[in-house]
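Asks: this one's structure only:
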């Protein structure tokens with residue numbers, strides 16, 4: 001049975017290893033967490049990357065931070081919502097930086113207070129940092 005060029009290309013794409021991403025975000029406010037969880041699911045459905053947030057880790061009977069740190073270590077890309085400057089998310093961001101992960105920050109710029117707080121962080125003045 002011959003394989004067509006389109007089937008061959010499809011097989012090659014399926015065999016490529018997808019980048020692994022971990023998304024850190026606070027559980028509240030609930031509407032923001034829900035929006036991020038929906039985005040994670042949409043991205044996962046696209047099949048371009050393997051992506052998980054902390055809620056999808058299915059943590060039972062174990063400290064959450066240990067499982068999150070393990071997941072950050074396994075991931076190539078760390079995505080963090082810094083809109084509320086949540087202490088847990090900031091810790092996880094620092095952990096990802098220490099492990100030399102690629103960083104992608106999320107910032108809801110429609111929340112003026114969030115923009116002002118973000119600008120007060122020294123890293124926000126680095127031209128290489130772009131929050132979306």
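Replies: The structure has been received and is ready for your questions. What you see is a predicted model; the values in this text were computed from it and never measured. Numbers count the residues shown, from 1 in each chain.

Asks: find the nearest non-adjacent residue to residue 111, please.
Replies: Nearest in space to residue 111, with sequence neighbours left out and distances taken as C-beta to C-beta, 6 or more residues apart in numbering, is residue 83 at 6.2 Å. No exception for glycine: its C-beta is placed from N, CA and C like everyone else's.

Asks: verify the stated contact: the one you found with residue 105.
Replies: No: the pair residue 83 and residue 105 fails to qualify as a contact (C-beta atoms under 8 Å) at a distance of 9.4 Å.

Asks: can you list the buried residues in the host helix or strand of residue 116?
Replies: In this structure, residue 116 is located in helix 112-119 according to DSSP states H and E. For helix 112-119, burial by neighbour count (16 or more other C-beta atoms under 10 Å) applies to 114-115, 117-118.

Asks: ok, which pair from these is furthest apart?
Replies: With C-beta to C-beta as the measure, no two of the buried residues of helix 112-119 lie farther apart than 115 and 117, at 7.4 Å.

Asks: so residue 100 sits in a strand?
Replies: No: counting by DSSP: H, G, I helix; E, B strand; the rest coil, residue 100 is not found in a strand; it is coil.

Asks: many thanks, we can stop here.
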